[in-house]
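Asker: The sequence and its predicted three-dimensional model are supplied below.
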Amino acid sequence: QVQLVESGGGVVQAGGSLRLSCAASGLAFSRYGMGWFRQAPGKDREFVSAIRRNEELTYYSDSVKGRFTISRDNAKNTVYLSMNSLKFEDTAVYYCAADNYGSIWYSPRSPGEYDYWGQGTQVTVSS
């Protein structure tokens, strides 16, 4: 049974930092591209960041580029999202997701691309 468990969310003041973790089990983690998405109340789920299997390439949405950093530790089956300079508009539930893409990762920014999802962790940024 595949499980993705996010942790590290919480309440932080604007300008602060948080580090999210997503621990994976039940899958060959190093074979999966990993992504982070978020969903604010009343809004669609949106792409935040993604990382290829062996960290050779990362992707970011324009809204977080330069502030967030995605990384992974394949030995620990864990993907991380370091978030700095947090803004009120970063408030959302953050989800990690896993995609067993083939030789080409066509759509790392698309939620429909992913095979497995975590339950999410709440991030609240107070202004």
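Answerer: Nice, I can see it.
Asker: residues touching the spatially most central residue of the chain, list them.
Answerer: The centre of the chain sits closest to W36, judged by Cα atoms, centre = their mean, with a distance of 1.9 Å. Contacts of W36 were listed using Cβ atoms under 8 Å, 6 or more residues apart in numbering, and they are 20, 22, 48-50, 70, 79, 81, 94-97. Every C-beta, even on glycine, is put in place using the N, C-alpha and C of the backbone.
Asker: Generate TSV for those residues, with pLDDT as supplementary columns.
Answerer: Putting the contacts of W36 into TSV (pLDDT from 0 to 100) gives the following:
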residue	pLDDT
L20	98
C22	98
V48	98
S49	98
A50	97
I70	97
V79	97
L81	98
Y94	98
Y95	98
C96	98
A97	98
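Asker: tell me which of those residues is nearest to Q3?
Answerer: Nearest to Q3 among those is C22, at 10.2 Å by Cβ to Cβ.
Asker: host element of that closest one?
Answerer: strand 18-25 (DSSP states H and E).
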